[in-house]
Each structure stands twice: as C-alpha cells, then as structure tokens.
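Asks: sequence unavailable; structure follows:
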Ligand SMILES: Nc1ncnc2c1ncn2[C@@H]1O[C@H](COP(=O)(O)OP(=O)(O)O)[C@@H](O)[C@H]1O
Ligand SMILES: [Mg+2]
C-alpha cells in the first residue's frame, strides 16, 4: 500500500517537474543531480545520519553548481552536466568503499521501494502539492518561462525567480525519486513521461496531465509486476515507461503523416 | 511628446566574450512612430543590437536609453515587443497550441485577444489555427504567430529580428501592411532587422546599416548611391527594384 502511494506521488511530481527539464533541454540534468545526491546519501551514511538531508542539500548544490559552473567557465550545458555527473559518481563510489560496502548499494542504484518510509511519502506529497498549486496559480508565467526567457522577461515574468523555483523542485523531486527507482533510472521518470505525453498532447496543459497519468500508470504497473515476479520494481517501471513512450512516438509519427497528407486548411 | 525619443544609443560597444567587440561606437536615435530597417550582412551585429536593447546582453561601453530611461533602470519591459531570430530554434519543441501561446500573453483588457492578434497577422481560419500545435506549423505560419505574440500587448516599441525569413512575397507584403497600420494607428515605433535589401519598401525609408564597426544611418535611396554600401556589405551590391511599397 505504502509502496503504491509513494510510487504514484513520486512519479507524478517527477513527470511534471521533468516537463520543465525536458523543454529547457536539460534532460541529463536529472542524471547528474541524482549522482551527486548519491554521493550525498553515501556521505550521510558514513556520518551515521538517518535522514536524507545531505542528499537534498547535495542535489540543490548540484543544480545551482552546474548553472554557475557553465556560466563562469563559459562551458556548454552538456559539458557541465558530464563534469558533475562524473564528480557525483566517483565521489559516491569512493565513499561507499570507505564505508566498507555496508551500504545497500544495489538498492541505491536500482531503487528499493520497500525502503520508502512514511516520511518520504509525506515529503513527496508536500512537493506535489507545492508544484500543483504553483502550476494552477502561475501557469501563464511558467509557460512563458519554458517558451523563451527573453520573451518571458519582456512580458513581465520574473525569469530568475522561476529558474530558482524550478531548480529547487527538480533537485528535491530527484532525491525522492532515487528511493523509488534508484540513481541510475530516476532520469527515466523525469524525461520519458514528457516525451510520451508530448507526442500525444494538443497543448502544454494537457501534456502535463498526460505525463502524470502515463508515469503513475507505469509506476503502479511496475510495482505490481515486481510483487508477482521477482523483478525489481524500479526496473519494471522503467521498462513499462519505455514501452509506452515508444508506442506513443510511433503513434505520433503515423498520425502526423496522415494529417499532413489529408486535411490541410485551404487558407494555409 | 509626439516625436519623443524612444531608443537612444550613444557610442555603444557590445561583446559576448569580453575580448572581441561585435559592435563598437554605434550611435543613433529613433523617435516615436518611426519605422527603421536595421540592415546588414549576416554576422553584422543586428541581432546583437536587439539583444542589447531588450536587456539580455549588457553593453560594455556607451549609453542606451529606452523611452528616455537608462537601460539599467528601465523596468517597463511590457512596452517592448520582440521577435527573436530563427524562431523555430529559439523556442523549444513544446507541445503548445497556438491559442495557448497567445492566451499566455493576453492578460489585461487593453491587450489584443488571441483571435485579434491572429486576424491582424493575416490568418483566415482563426479558430482552426488556434487549435494547432506550434510544432505542426510551417516556418512562415510560426513566424506570423510569433509576430502576433510580439504585438499582442500593443507594445510601443516593436523589435522584429528577420521577420520575413520563411515568408513568401504575399506574406511579406501583408506584414509590411501591418507595420504601416501599427505605426499609423497605434503610434508604434518599429525596428525591423533584415539582411535582405529587397524587403525595404520605399526609397525614403530610414535604414540603419550595421556591419561590425561600419555604420550608416539615412534613407535607403541615399545609401544605394553612396560608397557606404560597398563598405558595409564588403562588395558591390545592386538594389533590385521589386516594385512593392
Ligand atoms: N551568443 C553568442 N556568443 C558569441 N558570439 C556571438 C553570439 N551571437 C552572435 N555572436 C557573434 O556576433 C556577431 C554578430 O552576430 P549577430 O548579431 O547575430 O549578427 P546578425 O544578426 O547581423 O546576423 C557574429 O560574428 C556572431 O558570430
Ligand atoms: Mg541576426
């Protein structure tokens, strides 16, 4: 029960926040962030901390660090991402070795839904509530921010503020997602629902709703499969998500060709 | 008040990396109601000038004033409408509908409605276009929708960066028509950047030619008969009379 609830909430928030990462062309930001917070989790374990405070802190630092890094050193975004990704991975592996491999390494990498506690569910629920209210109150501004920052700023949107808000949501939702599907696959929950939903939706608003539906369905399906078989839930979720994504992409290709061959309004 | 300066640029220098200048020593004044074509070869610095004017690239030297206020303290950005260059690449592949896009900017009673903006940009089947996705529009359609977005708040200053790219001749003519109407009916000041001399409507149109450190400010008629054109384009160019305007 707790697993299903945690799965649905966490995957919903990751898919919504992920839409902003994908459309801002920062798909791999999640990957780098999750590896850095992996190092945070490992450090927390060395220090004997029981909560995930360090993971959240590291994730936040990672996102702002990458933005700062690429600005100061004038690096393309993807190069900064790779540097941080590798920094996280290497630091985490060093620290895990230092703990003498007492850490549940496999659980961190591939997710361990049974380790999700009520506190994690609560944190995820708060994040979801915050994201949902932000979207309903400031949809216009968020939309313009995603579209183009120059245009958004001219239309009175405080671009810097939304950059910070979206980054914070991204960082914290990634940390909650790590427990569910693990460091390696949290990017899938972030990116794939948006890719699939974008292929289906006629508008941005509906794409967010589709993304939530697709990712919740995939997660619940993944958890169910893992109860029946012995497959880890995270992997089963990602496989489901991949299947849905490929089907929707194929569907879009097919129907798009159909429309352009058939009905084109005369005035255009 | 009626010919108040809208854009004042003095001795402007702009640079992306802090070491090489893209613009250097550029000065001009544009007054209310003027329609000025910013002309120059690719890489001449037209888009860079626009980025300075919208406050996204701080000048390294010189002063810029918008509506009489220094760029640094200017806050009233809604008075400026902006069309970025290479529209398709400057917006993400987001599954947004045309209606959703325009509605996101039509927030006060004085703004145009999404439908009005589309009509102004020459769309016939307005309801049909509203439902279409941005990713499904042709280059010219997307261009017109984005110009609609730029002018939906009835800006006093309109900056259009290469608006005629992807447009056919009728599309271009109707755009020029819209520009004329905006400047006549709403007192809009317009700066339009283009690398194509052929889109400039009449020989008395004011052009601001920009090629790095070479500038010309005057009518297109005088420019064509001067030596400056060769310098700005780096080779001899002949004005082809397309007969419009
Ligand atoms: N983002 C950027 N970073 C670095 N250099 C740039 C950037 N944008 C343009 N430039 C350089 O500035 C010069 C002027 O470019 P631009 O203003 O786009 O010219 P135009 O719009 O007239 O074609 C070019 O040499 C171009 O390479
Ligand atoms: Mg340009």
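Replies: Arrived safely, thanks for sending. Here the structure is a predicted model, which means the values were calculated and not measured. Ligands and ions are numbered 1, 2, ... in the order given.

Asks: same question for the biggest helix by length in chain B, mean pLDDT?
Replies: With secondary structure taken from DSSP state H, chain B has its longest helix at helix B:169-185. For helix B:169-185, the mean per-residue pLDDT is 84.

Asks: off-centre distance for the helix or strand following that helix?
Replies: Using DSSP states H and E, the helix or strand that follows helix B:169-185 in sequence is strand B:189-194. Relative to its chain's centre, strand B:189-194 lies at 4 Å (C-alpha atoms, centre = their mean, to the nearest Å).

Asks: contact partners of strand B:189-194?
Replies: Residues from elsewhere that reach strand B:189-194 (C-beta atoms under 8 Å, 6 or more residues apart in numbering or on different chains): B:6-7, B:30-39, B:46-47, B:49-50, B:53, B:85, B:156-164, B:179, B:182-183, B:200, B:208. C-beta coordinates here come from the backbone N, C-alpha and C atoms, glycine included.

Asks: paired strands for that strand, with orientation please.
Replies: With DSSP bridges as the test, strand B:189-194 is paired with strand B:35-39 (parallel), strand B:157-161 (parallel).

Asks: that older thread, show the buried residues in the contacts of strand B:189-194.
Replies: Neighbour counting by 16 or more other C-beta atoms under 10 Å in any protein chain shown classes B:6-7, B:30, B:32-39, B:46-47, B:49-50, B:53, B:85, B:156-164, B:179, B:182-183, B:200, B:208 among the contacts of strand B:189-194 as buried.

Asks: ok, and which of the contacts of strand B:189-194 reach ligand 1?
Replies: When contact is defined as C-beta under 6 Å from any ligand atom, the contacts of strand B:189-194 meet ligand 1 at B:46, B:47.

Asks: filter the contacts of strand B:189-194 down to the ones close to ligand 2.
Replies: Applying C-beta under 5 Å from the ion to the contacts of strand B:189-194, one finds that B:46, B:47, B:85 fall near ligand 2.

Asks: for the first one, give its distance to residue B:56.
Replies: In other words, residue B:46. Distance of residue B:46 to residue B:56, given as C-beta to C-beta, to the nearest Å: 15 Å.

Asks: then residue A:229?
Replies: Residue A:229 is 53 Å from residue B:56, by C-beta to C-beta.

Asks: these two: who's more crowded?
Replies: The neighbour comparison of residue A:229 against residue B:56 (other C-beta atoms under 10 Å in any protein chain shown) goes to residue B:56, with 15 against 9.

Asks: low-confidence ranges in the stretch 51-200 of chain A?
Replies: Applying pLDDT under 70 to the stretch 51-200 of chain A picks out residues A:51, A:101-103.

Asks: ok, which stretches of it are helices?
Replies: A:53-72, A:77-98, A:105-110, A:118-137, A:139-147, A:149-154, A:159-181, A:186-200 (DSSP state H, counting those that start in this stretch).

Asks: how about the first one and ligand 1, touching?
Replies: No - among the residues of helix A:53-72, none lie within reach of ligand 1 under C-beta under 6 Å from any ligand atom; the closest is 13.0 Å away.

Asks: now that helix: buried residues?
Replies: Buried, per 16+ other C-beta under 10 Å, within helix A:53-72: A:54-63, A:65-67, A:69-70.

Asks: ranking the helices of the stretch 51-200 of chain A by burial, who's on top?
Replies: Mean neighbours per residue, mean count of other C-beta atoms under 10 Å in any protein chain shown, is largest over these for helix A:186-200, with a mean of 27.

Asks: between that one and helix A:159-181, how big is the angle?
Replies: Here the directions of helix A:186-200 and helix A:159-181 differ by 110 degrees (axes from the mean of the first three to the mean of the last three C-alpha atoms, to 10 degrees).

Asks: helices or strands next to the next helix-or-strand element following helix A:186-200 in the packing?
Replies: Later in the chain than helix A:186-200, the nearest helix or strand by DSSP H and E is helix A:204-228. Under the contact criterion of 3 or more C-beta pairs under 8 Å, 6 or more residues apart in numbering or on different chains; DSSP states H and E, helix A:204-228 touches helix A:2-23, helix A:139-147, helix A:186-200, helix A:233-261.

Asks: turn those into TSV, including distance to ligand 2.
Replies: Formatted as TSV, those follow (distance: least, C-beta to the ion, whole Å):
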stretch	distance to ligand 2
helix A:2-23	24
helix A:139-147	20
helix A:186-200	29
helix A:233-261	30
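
Asks: these: which one's closest to residue B:149?
Replies: Of all the helices and strands packed on helix A:204-228, it is helix A:139-147 that lies closest to residue B:149, at 8.9 Å by C-beta to C-beta.

Asks: hmm, who's touching that closest one?
Replies: The contact list for helix A:139-147 (C-beta under 8 Å, 6+ apart) reads A:19-20, A:23-24, A:134-135, A:151-152, A:155, A:157-159, A:162-163, A:166, A:204-205, B:91-92, B:94, B:96, B:100-101, B:103-105, B:107.

Asks: what residues does chain B have near ligand 2?
Replies: B:46, B:47, B:85.

Asks: between the two ends of stretch B:82-90, how far is it?
Replies: End-to-end distance for stretch B:82-90: 12 Å, by C-alpha to C-alpha, to the nearest Å.

Asks: no, scratch that, I was asking about stretch A:90-110
Replies: Terminal residues of stretch A:90-110 lie 17 Å apart, using C-alpha to C-alpha.

Asks: tell me the phi and psi of residue B:211?
Replies: phi -140, psi 90 (degrees, to the nearest 10).

Asks: let me know the pLDDT of it.
Replies: pLDDT recorded at residue B:211 is 86.

Asks: pretty sure it sits against residue B:48.
Replies: No - judged on C-beta atoms under 8 Å, residue B:211 makes no contact with residue B:48 at a distance of 11.8 Å.

Asks: helices of chain B, start to end?
Replies: B:46-53, B:87-90, B:98-103, B:114-120, B:126-131, B:139-151, B:169-185, B:220-224, B:228-233.
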